[in-house]
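**Q** what's the 3D shape of this:
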Amino acid sequence: MGRILTEADVEPAVRGGSVYAAGGGGWADHGRKLGYAAVNAGAPELVSVDELDPDDYIATAAAIGAPASTTPWEMRGVDYVKSVQLLNEALGTPVAGLMVGQNGKSSTLNGWLPAAILGCKVVDAVGDIRAHPTGDMGSIGMAASPEQMIQTAVGGNREQNRYIELVVRGATAKISPILRTAADMSGGFIASARNPLRASYVAKNAALGGISMALDLGHAILAAAPKGPAAVIDAIVEKTGGTILMEGEVTAKDVVYTPEAFDIGTLTVGRGDTALTLHVMNEYMGIDDASGKRIASFPDVITTLSQDAEPLSVGQLEVGMKIHVLHVPKTIIPLSASVLDPSVYPSCERAMGIELARYALEGVDAKS
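**A** Next up is the predicted model:
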């Protein structure tokens, strides 16, 4: 049965989501703000997909962009609500539930506030257990679909007259870039509701239980925190089923920000024969050992943790820092149709100059 999300779930959602953020940015404080606003505004209810009618609509609540402290982004809780209202109007019927495209520092909580205010459910499903650089990777099989979808975007810097409301219809691959452009024009970060799909489709194609996974991990982290950083790292390893591949020093960082709003490059941890190279496109997408052999690759969870057991985004890492590298293999996490879709990989492979699809699709059967 569903359960009401309360104040006691906000910090765990942020903490667990931060591990699954896989080095991605986002803002823990933005997540807290959304979560506390939601539980104070209403009673958001977390439900499994099978608690909804198969014909009910579920949309994805998302935040789009690559917000940095250098961009004039402004996104308010009301923007998430308005994006769902616009989607409901365009669809002609209210969505019954909201899922998210990925876990992350704030994205785990993206659906809570509109659900609390509009009375729909928070669906325990995600487009990807971990964070990823492109919307296609969380689109649960819609990336290459010709089917007409509806996507909305709301938000922007009010003082600079950058506030935008947008409703677009079309094939996912054609309209998703429009929302990314809107995010850039609004100041770098915009709220979105997109791709309303039947619950029966979501049940077959999403990564089910993804919100619960983040919450359970977050509760375990908070329970271990009084015993110190080593206990927290042990709790993360135990709860995720992952391993610490390495504890070492960041010896090189070669990451650049591109005009397409991506951080792309590599980080090196350690030296010589034991060095690891972490490949970055906003998030950690792969790890090679010193001989160039791939030892972890998307959609595996790859996360860097500080000496204090804090999940660090790529932007926070600097040469000289000592970190732990966490790896959770794809074989032990729920995988969505979008990470098993060959069409989502070429753009990232071109941008990064490495192979991804071969590793991602190895040994897995595509979802029917």
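**Q** buried set for stretch 273-282?
**A** For stretch 273-282, the neighbour count (16 or more other C-beta atoms under 10 Å) marks 275-282 as buried. Every C-beta, even on glycine, is put in place using the N, C-alpha and C of the backbone.
**Q** could you tell me how far it lies from the centre of the chain?
**A** 20 Å (C-alpha atoms, centre = their mean, to the nearest Å).
**Q** from the buried residues of stretch 273-282, pick the one nearest residue 264.
**A** The nearest member of the buried residues of stretch 273-282 to residue 264, counting by C-beta to C-beta, is residue 281 at 5.2 Å.
**Q** phi, psi for that closest one please.
**A** According to degrees, to the nearest 10, the main-chain angles of residue 281 amount to phi -140, psi 90.
**Q** now, among the buried residues of stretch 273-282, which is nearest to residue 45?
**A** Using C-beta to C-beta, those come closest to residue 45 at residue 282, 31.2 Å.
**Q** does the closest one touch residue 314 like I think?
**A** Yes: at 7.3 Å, residue 282 counts as touching residue 314 under the criterion of C-beta atoms under 8 Å.
**Q** overlap in contacts of the two?
**A** Counting by C-beta atoms under 8 Å, 6 or more residues apart in numbering, the contacts common to residue 282 and residue 314 are 23-25, 263.
**Q** among the residues you listed, which ones are in strands?
**A** residue 263 (DSSP state E).
**Q** among the shared contacts of residue 282 and residue 314, show me the least confident.
**A** pLDDT across these is lowest for residue 25, at 70.
**Q** got phi/psi on that residue?
**A** phi -80, psi -120.
**Q** just to revisit the earlier point, now for the buried residues of stretch 273-282: which two are most distant?
**A** Farthest-apart pair in those is 275 and 282; separation 22.6 Å (C-beta to C-beta).
**Q** residues in contact with the helix or strand residue 217 falls within?
**A** In the assignment (DSSP states H and E), residue 217 maps to helix 210-224. Helix 210-224 is contacted by residues 9, 11-17, 19-20, 46, 100, 103, 108, 122-126, 128-129, 231-232, 234-236, 238-240, 309, 333-334 when judged by C-beta under 8 Å, 6+ apart.
**Q** any quick PyMOL command for the buried ones out of these?
**A** Buried residues among those (16+ other C-beta under 10 Å), as a PyMOL selection:
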select buried, resi 9+11+12+13+14+15+16+17+19+20+46+100+103+108+122+123+124+125+126+128+129+232+235+236+239+240+309+333
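**Q** helix or strand right after the helix or strand bottoming out on mean pLDDT in the chain?
**A** The weakest-scoring helix or strand in the chain, judged by mean pLDDT, DSSP states H and E, is helix 172-186 (a mean of 90). Using DSSP H and E, the helix or strand that directly follows helix 172-186 along the chain is strand 189-198.
**Q** tell me the first helix or strand C-terminal of that following strand.
**A** Next along the chain from strand 189-198, counting by DSSP H and E, comes helix 199-205.
**Q** hmm, back to that, put the alpha carbons of the least confident helix or strand of the chain into PDB.
**A** What follows is helix 172-186 as a C-alpha-only set of coordinates in PDB (Å, rounded to 0.1, in the frame of the first residue of the first chain):
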ATOM      1  CA  THR A 172      10.100  13.100 -27.800                       C
ATOM      2  CA  ALA A 173      13.400  13.300 -29.700                       C
ATOM      3  CA  LYS A 174      12.300  16.500 -31.500                       C
ATOM      4  CA  ILE A 175      10.700  18.400 -28.600                       C
ATOM      5  CA  SER A 176      13.100  17.500 -25.700                       C
ATOM      6  CA  PRO A 177      15.800  19.900 -27.100                       C
ATOM      7  CA  ILE A 178      13.300  22.700 -27.100                       C
ATOM      8  CA  LEU A 179      12.900  22.400 -23.400                       C
ATOM      9  CA  ARG A 180      16.700  22.400 -23.000                       C
ATOM     10  CA  THR A 181      16.800  25.600 -25.000                       C
ATOM     11  CA  ALA A 182      14.100  27.100 -22.800                       C
ATOM     12  CA  ALA A 183      16.100  26.100 -19.700                       C
ATOM     13  CA  ASP A 184      19.100  28.000 -21.100                       C
ATOM     14  CA  MET A 185      16.900  31.100 -22.000                       C
ATOM     15  CA  SER A 186      15.200  31.100 -18.600                       C
END
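**Q** I'm done for today, thanks for sticking with me.
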